[in-house]
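S.K.: return a 3D structure for these sequence lines:
(one chain, ligands or ions: 1)
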Amino acid sequence: DNDVILDIHRDDELGELARAIYTLSNELEYLKNERTEFLSSVSHELRTPLTYLKGYADILNRSNLPAKDREKFASIIQEEATHLAEMVKELFLLAKMDKNQFLIHKKTIPLCYFLQDIISKLKPAFTEKNIRLQLTCAKDVNVNIDPIRFRQVINNLLDNARKYASEYTSVKVSAYEQEDNVVIEITDQGEGIPEKDIPYIWERLYRVDKSRSRALGGRGLGLAIVKEIIERHGGTVNVKSLYGEGTTFTIKIKKWN
Ligand code: ADP
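M.R.: Numbers count the residues shown, from 1 in each chain. Got it, this is the predicted structure:
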């Protein structure tokens, strides 16, 4: 009966089976807990902007509100609604990735030209914060990537570099070939990431400093999306960071993946 089969201490095949079942049921339990935890973080994340929305909408309803306040509160509502919409969009994207309904459409792309285009579009946001954004890309190598998804990767990493770097610093993007691979590095001179947090930054909704990320418009999903997209290209993405000095993210993909 069950008691015999599930004896994990038996020294025979039944024992082995029992140990396998035991491990499997532990893993299922772990996944179930992780899912519950994730869902509870998501509902918390969604509740925060909703609370703001409701609060400010209530205030706007008051008839005697000065025009100046009205404008200010309306723009907060707009910001929170955008935050919420972006967050739902990103969660939906990640859910599609989980269900393998996320397709990659690769094309042959000249890498330097591609990076230059992204950078020129992002430059104004960096200039506004007095951060110098530079690209070093020596030889225009062709790569086989999904340009829309890859743009999202570079955008997310550069957006973080801008958010977490201080004024009057530089952010450097460099791309080069290394055997059959291309390597793209994004380096900032920002606050860096504490060593103990580094293993977790790829997790959904993980943030070193929640309130700081939120104040900067972060949603805690950017790096999770980066990692998924790069892995779908058969590549890797790594980080090196010195707390207080800066961070480098390194993407490596096969030229013809
Ligand atoms: P967020 O929307 O909060 O930026 P991400 O998934 O993009 O979410 O990043 C997760 C966390 O990793 C951030 O909250 C931040 O604490 C840390 N992080 C990411 N990039 C950098 C960087 N370039 N410099 C310092 N910290 C960073």
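S.K.: and the gap between Pro49 and Leu158?
M.R.: In this structure, Pro49 and Leu158 are 24 Å apart, going by Cβ to Cβ, to the nearest Å. (Glycine included, C-beta is placed from N, CA and C.)
S.K.: show me what contacts the closest residue to Ile154 other than its chain neighbours?
M.R.: The shortest distance from Ile154 to any non-neighbouring residue, by Cβ to Cβ, 6 or more residues apart in numbering, is to Ile118 (5.1 Å). With contacts taken as Cβ atoms under 8 Å, 6 or more residues apart in numbering, Ile118 has the following neighbours: Arg151, Ile154, Asn155, Leu158.
S.K.: now list the buried members of those residues.
M.R.: By neighbour count, with 16 or more other Cβ atoms under 10 Å, those hold Arg151, Ile154, Leu158 as buried.
S.K.: what does the pLDDT read for the last one?
M.R.: Leu158 carries a pLDDT score of 98 in this model.
S.K.: you'd agree Ile109 is in a strand?
M.R.: Yes - using DSSP: H, G, I helix; E, B strand; the rest coil, the assignment for Ile109 is a strand.
S.K.: hang on, isn't it packed against Asp146?
M.R.: No - contact criterion Cβ atoms under 8 Å: Ile109 and Asp146 do not qualify, at 9.1 Å.
S.K.: is the ligand contacted by stretch 85-105?
M.R.: No - judged by Cβ under 6 Å from any ligand atom, stretch 85-105 stays clear of the ligand, getting no closer than 9.2 Å.
S.K.: how far off centre is that stretch?
M.R.: The gap between the average C-alpha position of stretch 85-105 and the chain average comes to 12 Å, counting by Cα atoms, centre = their mean, to the nearest Å.
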